[in-house]
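Trainee: This is the structure alone, sequence omitted:
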């Protein structure tokens, strides 16, 4: 794969925050930290990349992201349906990407397919002291 590790990780983090309209149940994906490093020339900031593997029909519950985090998301495989803040709900296919502003609310993040798995890389630029990258919406 020729995708930089950082880009791939950003995509996964974004996928963490999603919900399935077909089920009230959270059938979230497996989230794996791919990269974590303080940024030497930006004191107090870190770069964290996560990969989210969604099973067919998998989704994450609605959530918000750390108020300090800027996120880049990249779909590695499959299709991911996403809605951030008041933006439109959109399906992103493999090799497509998007970004999320600090403090974003992620009401939908799910595998768009009920039959095929999907994989997302999410890369966070975040305050080093922010330990919770996502918080469930209550």
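Mentor: In hand now; what should we look at? These figures come from a predicted structure and were not determined experimentally.
Trainee: mind listing the helices for this structure?
Mentor: In the chain, the segments counted as helices under DSSP state H are 5-15.
Trainee: the strands in it, which residues?
Mentor: 30-38, 45-54, 63-65, 70-77, 79-84, 90-93, 97-100, 105-111, 118-127, 134-136 (DSSP state E).
Trainee: So in that sheet, which strands flank the fifth one, and in what orientation?
Mentor: Which is strand 79-84. Strand pairing for strand 79-84, using DSSP bridges, gives strand 90-93 (antiparallel), strand 105-111 (antiparallel).
Trainee: which of the ones you listed has the lowest average pLDDT?
Mentor: Note on those: strand 105-111 shows the lowest mean pLDDT, a mean of 95.
Trainee: and residue 80, what are its bridge partners?
Mentor: Bridge pairing for residue 80 - DSSP bridges - gives residue 92, residue 111.
Trainee: Could you do the one 4 residues further on as well?
Mentor: When assigned by DSSP bridges, residue 84 has beta-bridge partners residue 106.
Trainee: Can you give me every residue that contacts it?
Mentor: Residue 84 makes contact with 14, 98, 100, 104-107, according to CB atoms under 8 Å, 6 or more residues apart in numbering. Where you see a C-beta, it was placed from the backbone N, CA and C, and this is true even at glycine.
Trainee: Please report which of those residues has the highest neighbour count.
Mentor: Among the contacts of residue 84, the one with the most neighbours (other CB atoms under 10 Å) is residue 14, at 34 neighbours.
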